[in-house]
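Participant: Got a sequence here, can you model it:
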Amino acid sequence: MKILEKKSTLKISKTYRALGTVISLTIYGHQDEELLDKTYQLIKYYEQLFTVNRDQSELMAVNHKAGIEPVQVSGAVYGLTKIALEKSKEAFGFNAAIGPLVKLWHIGFSDAKLPTQAEIDEKLKIINPDRIILRDDEFSIFLPEKGMEIDLGAIAKGYIADRIKDFWHAYGISSGIINLGGNLLLVGEAPHQTDKKWRIGIRNPLTNDKKSVLQLLSGEGSVVTSGISERYLKVNDKIYHHIIDSKTGYPHHNQLASVTILSKKSIDGEIETTRLFFADGPIENWLTENPEVYGAIFISKDKKIKAVGIPQSQIYVADQSFEFE
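Facilitator: The predicted structure is shown next:
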């Protein structure tokens, strides 16, 4: 996703590399670039807590002790793990214990491969989130079987984006953009637009050229997109995307190319993109049951667009090969 701007205004903006992607931070009505660098340091701090793509992190300390002993962790790691396990128990597709399967496929990395069925079956035995033991009194996490791994990759970016917003508010920042790749958090109004609405470009989920196919008008809040072209593996002309189904051990197969969620908090957007992707489309009464979620946009593999909770007047189709259902 990207922000579309027409008018210049007082702002500072910098890009960084973290969380496995390009980070873009923009603050309006402010000129102290040191605040952006402090924000980047905050991102790096959380990355060192949550990452499973390095051998050493606070979460990896838990994974290394699987089948051995509980590990005491910080409040951030414990709290996010607890949320992840609560959502995992709803069984809608989200699984905090999916780490062994994710690393088996390793889609998005240079050593990605198509596993054998035997390898997949072996990992399916150790990805039950119900077996993970949390101790609130000592902030400890225990993985009871060797080889188990917690992976918070499907929820951590949203959590971090929300913490950045809190950090900016502490400095009196009232307008800005937090762009963590597929996670966009819009702080306040868009001062560079006469209607104060943000213009967000949603890219083509069927290609990797990053061209916007939709332009969305939005107020303050989170915009999270999950799609099949973000990370994928191609083997013998067959494409395997990165959204793994913990029931089958393979990428979840359906007709969706991407799901975009508008919500108050970015962590909710992360959770709900997973829920709706695995639901293969809209869910009845979804909006009424999730008051902090504003709406969703679905793009199918056959280039059909469906919006839930978002008026079509707020969505401009830039690529005419895509159309509303």
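
Participant: contacts, neighbours, all on C-alpha from now
Facilitator: OK.

Participant: And the closest residue to V317 other than its chain neighbours, which helix or strand is it part of?
Facilitator: Closest residue in space to V317, ignoring its immediate chain neighbours: L214 at 4.6 Å, by CA to CA, 6 or more residues apart in numbering. Here L214 sits within strand 212-218, counting by DSSP states H and E.

Participant: I would like the residues contacting that strand, please.
Facilitator: Strand 212-218 is contacted by residues 1, 197-204, 314-319, 322 when judged by CA atoms under 8 Å, 6 or more residues apart in numbering.

Participant: Identify, from the residues you listed, the entry nearest to E47.
Facilitator: When those are ranked by distance to E47 (CA to CA), M1 comes first, at 21.3 Å.

Participant: returning to what we had before: which ones among the contacts of strand 212-218 map onto strands?
Facilitator: W198, R199, I200, G201, I202, R203, I315, Y316, V317 (DSSP state E).

Participant: Could you dump those residues into a markdown table and include neighbour count and distance to N236?
Facilitator: Below are those laid out as a markdown table (neighbours: other CA atoms under 10 Å; distance: CA to CA, whole Å):
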| residue | neighbour count | distance to N236 |
| --- | --- | --- |
| W198 | 24 | 42 |
| R199 | 21 | 39 |
| I200 | 21 | 36 |
| G201 | 22 | 33 |
| I202 | 25 | 29 |
| R203 | 22 | 26 |
| I315 | 18 | 37 |
| Y316 | 13 | 37 |
| V317 | 18 | 34 |
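
Participant: for the lengthiest helix in the chain, which positions count as buried?
Facilitator: Taking DSSP state H as the criterion, the chain has its longest helix at helix 33-50. Neighbour counts over helix 33-50 (16 or more other CA atoms under 10 Å) mark L35, L36, T39, Y40, L42, I43, K44, Y46, E47, Q48, L49, F50 as buried.

Participant: what residues does it touch?
Facilitator: 12-14, 16, 18-19, 25-26, 57-60, 77, 152-153, 156, 160, 164, 167.

Participant: I only care about these that end up buried; give me the PyMOL line for that.
Facilitator: To isolate the buried ones among these in PyMOL, judged by 16+ other CA under 10 Å, type:
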select buried, resi 12+19+25+26+57+58+59+60+77+152+153+156+160+164+167
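
Participant: quick one: the helices in the stretch 201-325 of the chain?
Facilitator: For the stretch 201-325 of the chain, the helices defined by DSSP state H, counting those that start in this stretch cover 266-278, 286-289.

Participant: Give the other helices and strands that the first one contacts.
Facilitator: To tie it back to what came earlier, the one meant is helix 266-278. helix 156-170, strand 183-187, strand 221-227, strand 256-263 (3 or more CA pairs under 8 Å, 6 or more residues apart in numbering; DSSP states H and E).

Participant: between the shortest one and helix 266-278, how many degrees?
Facilitator: In terms of direction (axes from the mean of the first three to the mean of the last three CA atoms, to 10 degrees), strand 183-187 departs from helix 266-278 by 140 degrees.
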